[in-house]
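**Student:** my questions concern the predicted model and sequence given below.
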Amino acid sequence: MTTSFVLLLAAAAPAADAEPPAQPPQPIAAMVPVPEGPGTPWFQVVIEQQLIIRVPAQRSQLTNFSASRNEEPRKREAPIVWQEKKAPKCVAMRNIIGMQAVQRDSIDLITRQKQRLRAQLNRGCRALDFYAGFYMKENKDGQLCEDRDEIHARTGAKCEIDKFRLMVAVRDED
């Protein structure tokens, strides 16, 4: 009797704030007996691995639904003004740890390096759809790139990223 081996990949999707694993998950081998004989049917098994990364949302003025209307916003000593700068066309997915919906048509991605990248969504997409965070499918290069990749809202919306802009904090000295 001949025995075939089928490899099953066991990998759990890591949390967005978890450190990347030191080594990839090890395949698990399962022995499947294959009957012999002239009329034995053969079946093809295709195993695909798909990793979906969840990015949690952080509260912003646009998405803070629980704040009462009479409550006064916190006052800061020196308000922060964000200035847009040129940003790379791609960002490593493993570096994105959070997001905020701050404008109608864009979201801010927060990275492990404490940088803020503004992701301009394509036409017809609203940042408010991403109030609960988003998901992204990992691709071969592990990068989230403008004009290529889509992010998926938990509400079901899918949007492509048109452009990234690096946000730099500038103190407003009024």
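**Tutor:** Alright, I've got the coordinates.

**Student:** from now on I want contacts and neighbour counts done on CA atoms only, so please keep to that.
**Tutor:** Noted.

**Student:** quick check: closest non-adjacent residue to Met93.
**Tutor:** Gln143 (5.3 Å; C-alpha to C-alpha, 6 or more residues apart in numbering).

**Student:** pLDDT weak spots in this protein?
**Tutor:** Applying pLDDT under 70 to the chain flags residues 1-37, 49-51, 53, 58-79, 172-174.

**Student:** which stretches of it form strands?
**Tutor:** 2-8, 28-34, 52-55, 80-86, 90-92, 96-103, 106-111, 116-121, 134-137, 143-145, 150-153, 158-171 (DSSP state E).

**Student:** for the last one, packing partners?
**Tutor:** In other words, strand 158-171. Counting by 3 or more C-alpha pairs under 8 Å, 6 or more residues apart in numbering; DSSP states H and E, the packing neighbours recorded for strand 158-171 are strand 80-86, strand 116-121, strand 150-153.

**Student:** can you put these in JSON lines and add distance to Ile47?
**Tutor:** Shown next, in JSON lines, are the helices and strands packed on strand 158-171 (distance: least, C-alpha to C-alpha, whole Å):
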{"stretch": "strand 80-86", "distance to Ile47": "41"}
{"stretch": "strand 116-121", "distance to Ile47": "33"}
{"stretch": "strand 150-153", "distance to Ile47": "24"}
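
**Student:** looking at these, which is buried most?
**Tutor:** With neighbours taken as mean count of other C-alpha atoms under 10 Å, the helices and strands packed on strand 158-171 reach their highest mean count in strand 116-121, at a mean of 24.
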